[in-house]
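Colleague: Provide a 3D model corresponding to the input given below.
(one chain, ligands or ions: 1)
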Amino acid sequence: MLNQPLKDTVTRLLPQVQTPAQYIGGELNCVVKDHRQVQGKLCLAFPDTYTLGMSHHGLQVLYTIMNNDPRWACERAFTPWLDFEALLRKHNLPLYSLETFTPLRDFDLVGFSLQYEVCYTNLLTMLDLGRIPLHSKDRTLADPLIICGGPGAQNPEVLAPFVDIFVIGDGEESLPWLMEKWMSLRGDKRALSRKREEVIAEIVGSTTWAYAPMFYDPELHADGTIAAIHRTRSDVPREILACNITQDFDDIKLPTRPVVPFVQTPHDRIAIEIMRGCPWQCRFCQSTVIKRPLRVRSVETIVQAALESYRNTGHNEISLLSLSTSDYPDFEELVKRMHEVFNPLGVNISLPSLRVNQQLRSLPKLVKGVRKSGLTLAPEVARDDMREQIRKKIKNDDLFEGCREAFKNGWQRVKLYFLIGLPGERSVDLDGIVDMAEHISAIGKEVRGRYVEVTRISGTACRRANIFSGPASICASAAATGRSRSSSTTSSAACWKVF
Ligand code: SF4
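Modeller: Numbers count the residues shown, from 1 in each chain. This next block holds a predicted model:
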């Protein structure tokens, strides 16, 4: 149900802000439901700007799943830029969803996706602008349930006072379950006489993957790190495990009708998740821990989903998404099939996460004929000996030969991701980053007759205490393109044990 008065007011203000199209909704494939026809409404809140949020594949996945259920209306909200935030505050307007201009406080559930730690304070901004009490303890049953998922939820204590429930693992199963449970318990007449915390205790007490910090008491070491976490009541889980999809991964419907933004976004393309998890276990990598086990989609499912998405969006690029795309078991067959189907349509295939191994040398030939976007590789460090220490089993020679083949086959740009600040890092490791970039650029000159563009993105993802957080790629790209108001923290856990 559209909140027309709020939409009209916002529309009058939009000429005063940059990129107004990000605040008005109505994009191709967005789903607008009549709230009177559904049993509950939830808002997927991305605690960063619209352009970054709309580039996040997980948002499109959950948006599709929840809207496919006729019982729910699932809408979206993002952190406004500072200019629009100031206008909302000046005119005393609430933050709203893009589909119906519904203020966040009027949803039944608001789910935040924490993709990186620098967005933590944006979550507080959104709660505040959305007129939802900041602290969990100040909310009543009339307020929405505030849940958080994503990699940032692995490190929940930072946001513990503000979030009702953290969820680790796959959202495809946990979000529908939580929505249903919350709505049924809150709608139960007995709930009227119950306190909000009793309802939340009943929810988390029926799962193994939901963590409600209000029922746990952290014990700290002298340096402020966590020594143990104690339960304050016995009917909530003692151990929190990741929620894993139980059905066949291939059967989970892909979002083939994704919302197409009006404004340009960093990932302005179709994304097809071909595989979840990674067969490798690099020492610093959070993703390989939290995305286990390894699950794959079949070649035909991927091709059909890509074709459907192409018809529903008109995008001219398809990204085959996974943590390590070249480790997909039927990689050659997949690339050949995609090539057969999409080359005649002039659609570019991009392979965003390639492992630098022997296979990289043959990859450029496989995708010959397709329009070339930049090659993105993650050597992580510049020297083989340091790479052995972080258990990343790749060699510089493979990287250089892979780039040589890529240049021969038409690539002109290479983007390299590095980690800096690793325990035991030496100056030669840092100098090596520059040497590596120069060497690759020189290979480009040798092959193509002119230097190629090499972009190096470095990020500090590790701390001295040997606690490792997410890949630099995530941290660095967020820092490079997103708004960042908070300081970074660390995280690494597939489950938490409490005592
Ligand atoms: S860094 Fe990449 S290859 Fe290594 S475990 Fe993580 S996702 Fe896999």
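
Colleague: now the strand or helix carrying Trp182: average pLDDT?
Modeller: Element membership of Trp182, judged by DSSP states H and E, is helix 171-187. Across helix 171-187, the average pLDDT comes to 94.

Colleague: flag every buried residue along that helix.
Modeller: 171-179, 181-183, 185-186 (16 or more other CB atoms under 10 Å). For glycine as for every other residue, the C-beta is placed from the backbone atoms N, C-alpha and C.

Colleague: after it, which helix or strand is next?
Modeller: Later in the chain than helix 171-187, the nearest helix or strand by DSSP H and E is helix 196-205.

Colleague: that next one - contacts with which helices or strands?
Modeller: Contacts defined by 3 or more CB pairs under 8 Å, 6 or more residues apart in numbering; DSSP states H and E place helix 196-205 against strand 165-167, helix 171-187, strand 210-211.

Colleague: residue closest to the middle of the protein?
Modeller: Gln115 (4.7 Å; CA atoms, centre = their mean).

Colleague: so what does that one look like in phi/psi?
Modeller: The phi/psi pair for Gln115 (degrees, to the nearest 10) reads phi -90, psi -20.

Colleague: now swap in the one 10 residues further on and tell me
Modeller: For Thr125, the backbone dihedrals are phi -60, psi -40 (criterion: degrees, to the nearest 10).

Colleague: for the helix holding Trp182, packing partners?
Modeller: strand 40-46, helix 57-68, strand 109-113, strand 145-149, strand 165-167, helix 196-205.

Colleague: redo those as JSON lines? Include mean pLDDT, mean neighbour count and distance to the ligand.
Modeller: As requested, the helices and strands packed on helix 171-187 are exported to JSON lines (pLDDT from 0 to 100; neighbours: other CB atoms under 10 Å; distance: least, CB to the nearest ligand atom, whole Å):
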{"stretch": "strand 40-46", "mean pLDDT": "98", "mean neighbour count": "26", "distance to the ligand": "23"}
{"stretch": "helix 57-68", "mean pLDDT": "97", "mean neighbour count": "21", "distance to the ligand": "15"}
{"stretch": "strand 109-113", "mean pLDDT": "98", "mean neighbour count": "26", "distance to the ligand": "19"}
{"stretch": "strand 145-149", "mean pLDDT": "97", "mean neighbour count": "26", "distance to the ligand": "19"}
{"stretch": "strand 165-167", "mean pLDDT": "97", "mean neighbour count": "27", "distance to the ligand": "22"}
{"stretch": "helix 196-205", "mean pLDDT": "95", "mean neighbour count": "18", "distance to the ligand": "30"}
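
Colleague: Leu123 is nearest to which of these?
Modeller: The closest of these to Leu123 is strand 109-113. By CB to CB, the value is 5.4 Å.

Colleague: quick one: residues in contact with the closest one.
Modeller: 40, 42-47, 56, 58-59, 62, 77, 104, 123, 126, 130, 132, 144-150, 163, 171, 175, 178-179, 182 (CB atoms under 8 Å, 6 or more residues apart in numbering).

Colleague: hey, where'd the strands end up in the stretch 301-450 of the chain?
Modeller: 317-321, 348-350, 375-380, 413-419 (DSSP state E, counting those that start in this stretch).

Colleague: helices and strands around the third one, which ones?
Modeller: Going back to what we said before, that points to strand 375-380. Applying 3+ CB pairs under 8 Å, 6+ apart, one finds that strand 375-380 contacts helix 396-408, strand 413-419.

Colleague: quick one on the thing from earlier: off-centre distance for the helix holding Trp182?
Modeller: For helix 171-187, the separation from the chain centroid amounts to 21 Å (computed by CA atoms, centre = their mean, to the nearest Å).

Colleague: would you mind getting the angle between it and strand 145-149?
Modeller: 170 degrees (axes from the mean of the first three to the mean of the last three CA atoms, to 10 degrees).

Colleague: from what I see, Arg450 and Gly444 are in contact.
Modeller: Yes: contact between Arg450 and Gly444 holds when scored by CB atoms under 8 Å: they sit 7.3 Å apart.

Colleague: more neighbours: these two, which one.
Modeller: Gly444 (23 against 9; other CB atoms under 10 Å).

Colleague: any idea which element Val454 lies in?
Modeller: Going by DSSP H and E, Val454 is in strand 453-459.

Colleague: circling back: out of the helices and strands packed on helix 196-205, nearest to Gln18?
Modeller: Using CB to CB, the helices and strands packed on helix 196-205 put helix 171-187 closest to Gln18, at 31.1 Å.

Colleague: who touches the closest one?
Modeller: Helix 171-187 is touched from outside by 39-40, 42, 58, 61-62, 65-66, 69, 72, 108-109, 111, 113, 141, 145, 147, 149, 165, 167, 191, 199, 202-203, 206-207, 209-210, 243-246, 252, with contacts defined as CB under 8 Å, 6+ apart.

Colleague: over to stretch 380-391?
Modeller: Stretch 380-391 is contacted from outside by 281-284, 379, 392-396, 417-419, 422, 424-426, 428-429, 431-433, 435-436, 472, using CB under 8 Å, 6+ apart.

Colleague: tell me which of those fall in helices.
Modeller: Asn396, Val428, Asp429, Asp431, Gly432, Ile433, Asp435, Met436, Ala472 (DSSP state H).

Colleague: what is the nearest of those to the ligand?
Modeller: Ranked by distance to the ligand (CB to the nearest ligand atom), the ones in helices among the contacts of stretch 380-391 are led by Ala472 at 9.6 Å.

Colleague: state the helix or strand in which the closest residue in space to Pro237 that isn't next to it in sequence lies.
Modeller: With sequence-adjacent residues excluded and distances taken as CB to CB, 6 or more residues apart in numbering, Pro237 is closest to Thr208, at 5.5 Å. Using DSSP H and E, Thr208 sits in no helix or strand.

Colleague: Thr208 touches Leu241, doesn't it?
Modeller: Yes: the pair Thr208 and Leu241 passes the contact test of CB under 8 Å, sitting 4.8 Å apart.

Colleague: kindly report the residues of this structure close to the ligand.
Modeller: Residues of the chain lying near the ligand by CB under 6 Å from any ligand atom: Cys278, Trp280, Gln281, Cys282, Cys285, Ser287, Thr288, Leu323, Ser324, Arg355, Lys392, Pro471.

Colleague: let me see the contact set for the closest residue to the first one other than its chain neighbours.
Modeller: Here the nearest residue to Cys278 in space, its sequence neighbours aside, is Leu323; by CB to CB, 6+ apart that works out to 4.0 Å. With CB under 8 Å, 6+ apart as the criterion, the residues that contact Leu323 are Met275, Arg276, Gly277, Cys278, Ser287, Thr288, Lys291, Ser353.
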